[in-house]
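Visitor: I would like to see how this sequence folds:
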Amino acid sequence: MVLLCLFAFGGLVYLLRHPLLRVAGQYWIVQDPLERADALIVLSDDNFYADRATCAVELYRQGMAPIIVASGRRLRPYISIAELMEHDLVERGVPKSAVVKVSHLADNTREEAEALRPLAEQRHWRRVIVVTSSFHTRRARYVFRNVFPPSVEVRVAPARDFSYDPAHWWQTRLGRKRFFHELAGMVVAWWELRKQGNEGAQPQSVVEKGGFTAQYVVSQGRKPSIFATALSSLHPLSPVLSSRA
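Guide: Sure thing, here's the model as predicted:
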C-alpha cells in the first residue's frame with residue numbers, strides 16, 4: 001500500500017512538473033512597490049546588454065531617485081566595473097554628475113552590501129532602490145535588508161535578463177546554472193547573516209563623484225575609517241581629507 005502511494009505521488013509530481021518548475025523559477029524574482037528614494041543602486045556584474053543599467057535609467061527618468069550608484073568590482077588597480085557602468089548610464093542619457101561610482105573588491109552580494117553601507121550611512125539615506133537582474137532580486141533584497149542599517153528602507157527592482165526565463169529555466173544550461181546558483185547563494189547568505197556577526201574584514205570601497213574620491217576601509221572590531229583624496233575640489237561626501245597623491 002505504501003509503495004502504491006509512493007508511485008501515485010511520483011506520477012502526480014511528474015504530471016505537474018512543469019507548473020512546479022515554473023513556480024520554483026518565479027520564486028527568485030521579486031518586485032517591490034517603488035516610491036521615490038534617495039538613490040538607485042545598480043549592483044555589479046551587469047550582463048552583456050547592460051540590462052541593469054538600462055533598468056536604472058528608466059527609473060531615473062521616472063524621477064525615482066536623484067542619483068544612481070554604479071557599484072562595481074575592481075578588475076585592475078586602475079579600472080573597475082563601476083567605470084563601465086558609468087559609461088552605460090551616461091550613454092543612455094544620465095548626467096555624469098548624477099552618477100556615483102563605487103569601486104570595491106566584493107566577491108559576493110553580502111560583501112557588496114557591506115562595501116556600500118558606509119556610503120548610505122554617511123549620506124543619511126532613508127530609502128534606496130537596489131537594481132539587479134531579475135533572478136537575483138530575492139537574494140539581493142534579503143542581503144541588503146540584513147546588512148544595511150534598519151533606518152534605511154531597501155526595495156528592489158528587477159532588470160530583465162535574457163539568460164533566465166522563469167517559465168522555462170530548466171530547458172537551458174544557463175537557466176539551470178542561474179537557478180541553482182541562486183539556491184546555493186541564498187543558503188550561504190542565510191548562514192552568514194543568521195547572527196549578523198561581523199566576522200572578518202569587510203571589503204574596501206572607493207567612492208567617486210565630482211572629482212572627489214573617498215576610500216572606505218572597514219576592519220573587524222573597528223569603526224569605519226575614511227581616507228579621502230581631494231582631486232579637484234572639496235565634495236560634501238566626507239569631512240576627512242588626506243594629502244594629495
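Visitor: contact partners for Glu91?
Guide: The contact partners of Glu91, by Cβ atoms under 8 Å, 6 or more residues apart in numbering, come to none. Backbone N, C-alpha and C define where each C-beta goes, glycine included.
Visitor: tell me the spacing between it and Ser80.
Guide: Noted for Glu91: a distance of 17 Å to Ser80, by Cβ to Cβ, to the nearest Å.
Visitor: what's the domain layout of the chain?
Guide: For the chain, automatic domain parsing gives the domain ranges 1-28, 31-160+170-203.
Visitor: can I get these in CSV including mean pLDDT?
Guide: As requested, the domains of the chain are exported to CSV (pLDDT from 0 to 100):
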stretch, mean pLDDT
domain 1-28, 76
domain 31-160+170-203, 94
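Visitor: and among those domains, the most buried is which?
Guide: domain 31-160+170-203 (a mean of 19; mean count of other Cβ atoms under 10 Å).
Visitor: with adjacent residues omitted, what lies nearest to the most centrally placed residue in the chain?
Guide: The centre of the chain sits closest to Leu43, judged by Cα atoms, centre = their mean, with a distance of 3.5 Å. Distance criterion Cβ to Cβ, 6 or more residues apart in numbering; nearest residue to Leu43, sequence neighbours excluded, is Thr132 at 4.4 Å.
Visitor: who's in contact with that neighbour?
Guide: Residues in contact with Thr132 (Cβ under 8 Å, 6+ apart) are Val42, Leu43, Arg52, Ala140, Val156, Ala157, Pro158, Ala159.
Visitor: wait, is it part of a strand?
Guide: Yes. Assignment of Thr132 by DSSP: H, G, I helix; E, B strand; the rest coil places it within a strand.
Visitor: tell me what it is bridged to.
Guide: Applying DSSP bridges to Thr132 gives these bridge partners: Pro158.
Visitor: from Pro77, how far off is it?
Guide: Taking Cβ to Cβ, one finds Thr132 at 26 Å from Pro77.
Visitor: then Val102?
Guide: On the measure of Cβ to Cβ, Val102 and Pro77 end up 16 Å apart.
Visitor: how far away is the closest residue to Asp165 other than its chain neighbours from Arg22?
Guide: Excluding the flanking residues, the one nearest Asp165 by Cβ to Cβ, 6+ apart is Gly175, at 6.2 Å. Separation of Gly175 from Arg22 (Cβ to Cβ): 12 Å.
Visitor: wait, what's in contact with the closest residue in space to Gln31 that isn't next to it in sequence?
Guide: Spatial nearest neighbour of Gln31, excluding adjacent residues (Cβ to Cβ, 6+ apart): Pro158 at 5.7 Å. By Cβ under 8 Å, 6+ apart, the contact set of Pro158 is Ile29, Val30, Gln31, Cys55, Thr132, Ser133, Ser134, Thr137.
Visitor: longest strand anywhere in this protein?
Guide: Ranked by residue count, the top strand of the chain under DSSP state E comes out as strand 68-76.
Visitor: what's the following helix or strand after it?
Guide: Per DSSP states H and E, the first helix or strand lying C-terminal to strand 68-76 is strand 79-80.
Visitor: that next one pairs with which strands, and in what direction?
Guide: The strands that strand 79-80 pairs with in its sheet are strand 68-76 (antiparallel) (by DSSP bridges).
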